[in-house]
Every structure is written in C-alpha cells, then in structure tokens.
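K.L.:
need a 3D model of the following:
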Amino acid sequence: MDIVIRPVTPGEYADLGEITAQAYLQDGLLDFGESDAYLGELRDVAKRAAAAEVLVAVEHGTLLGGVTFVPGPGPMADMARPDEAEIRMLAVASAGRGRGAGEALVRACVDRARAIEGCARVVLSTQRTMRAAHRVYERLGFTRAPERDWNPLPELDDIMLLTYELTL
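P.N.:
Next comes the predicted model:
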C-alpha cells in the first residue's frame, strides 16, 4: 500500500473540503443537499484544523481523503468525554474508495488516541446508511454503543446518529 497518512497542509484545505462535501453529497448523507447548513462545516477545513488535527490520505501525490481527529472535549467534539478522543468527518473521494484509505485514516486516529495519556476510548458518530464505514469500524474493533446514539437536529425526528466506540 502506497497510501501515506499525514497532517493536512493549508494548501490542501480547499481540496479536502470539497472531497468531504462531495463524499457526503454523493452518499446522500445531507438532508437538504447543497442547501444543507452542515455542508459549510464540511468544507471549512481551516476551522477544523485550528481546533483539532486534520489528517489526509495521499497516494502518489493524490489526495484521497481525510478525517478530523479530536483529542478530547472541545470546540470540534460532538460527544467526546474527558477520557475520550473522537473521530469526525471521515471522507474518501469516490476514486479512492475500496483501496484502504478510510481504514488507514481510522487506524491513524486510533494510534494518536493511544498516545494520549489517560485516553480510554475512541468514539465516533455515523449515519445508519454508512454501511461500508460500519464494516471498517467493526473490523478495527469498534463496537456499537446504542445508549450513546444521538440526534444532532432534534427538530427533525428521523435523524439519529449511531455511536461506535473502541476501548483502548
């Protein structure tokens, strides 16, 4: 495998933002398509990089995808508790799927979490329809934590994010 995982550079912010936005749009993960407010968050890599660690998967100079690693509670955390790290906004370009980029990004996040003193687990939220991602998480030892499932938009009853966790 020639995929390298490393921190994003400022020159890659726009490209990674677009890869992330397109991955969510193409997979039907945004309720309102291009008008979805979350789309702006997905594209704003600079904001994420200022508050967390954004990693990219690169193969032969081509950006395949990225992920946001949140080392604990803070502005980029949705659900991390004080002894947890969180994985957010994992996205792989359609041309890079099925080649191990997503799994390599998740593994890199787990390795970073293991290096944090006192970090007991890694958590993440995912949508029900993200079945390929669920298989990656489960293959890496993550288990469902249904008691932590949550709704980011309480005004819309049908949106429920599933929670997975990995005890370190």
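K.L.:
how far off centre is the one helix or strand in the chain whose mean pLDDT sits lowest?
P.N.:
Lowest on mean pLDDT, DSSP states H and E among the helices and strands of the chain sits helix 38-43, with a mean of 84. Helix 38-43 sits 13 Å away from the centroid of its parent chain (CA atoms, centre = their mean, to the nearest Å).
K.L.:
where does pLDDT dip in this structure?
P.N.:
Counting by pLDDT under 70, the chain contains low-confidence residues at 1, 27-37, 153-159.
K.L.:
so residue 13 touches residue 46, yeah?
P.N.:
Yes: shown here, residue 13 and residue 46 form a contact pair, counting by CB atoms under 8 Å, at 5.2 Å. Backbone N, C-alpha and C define where each C-beta goes, glycine included.
K.L.:
what is in contact with these two at once?
P.N.:
Counting by CB atoms under 8 Å, 6 or more residues apart in numbering, no residue touches both residue 13 and residue 46.
K.L.:
neighbour count winner among the two?
P.N.:
Neighbours around residue 13 and residue 46, counted as other CB atoms under 10 Å, are more numerous at residue 13. The numbers are 19 against 13.
K.L.:
now the more buried one, what's its secondary structure?
P.N.:
Here residue 13 is helix, with the state taken from DSSP: H, G, I helix; E, B strand; the rest coil.
K.L.:
ok, the closest residue to residue 120 other than its chain neighbours - contacts?
P.N.:
Nearest in space to residue 120, with sequence neighbours left out and distances taken as CB to CB, 6 or more residues apart in numbering, is residue 83 at 4.3 Å. Applying CB under 8 Å, 6+ apart to residue 83 gives the contacts 72, 118-121.
K.L.:
contacting residues around stretch 109-128?
P.N.:
Counting by CB under 8 Å, 6+ apart, 29, 53, 55, 67, 69, 71-72, 78-81, 83-88, 90, 133-134, 137, 140, 142, 145, 148, 150, 160-168 sit against stretch 109-128.
K.L.:
next step: those residues restricted to strands.
P.N.:
Those of these mapping onto strands are 53, 55, 67, 69, 84-88, 90, 162-167, per DSSP state E.
K.L.:
residue 162: neighbour count?
P.N.:
Neighbour count of residue 162, defined by other CB under 10 Å: 18.
K.L.:
how about residue 128?
P.N.:
Quick note: residue 128 (other CB under 10 Å) scores 11 neighbours.
K.L.:
helix, strand or coil for it?
P.N.:
Three-state call for residue 128 (three-state DSSP): coil.
K.L.:
gap between it and residue 162?
P.N.:
As judged by CB to CB, to the nearest Å, residue 128 and residue 162 stand 6 Å apart.
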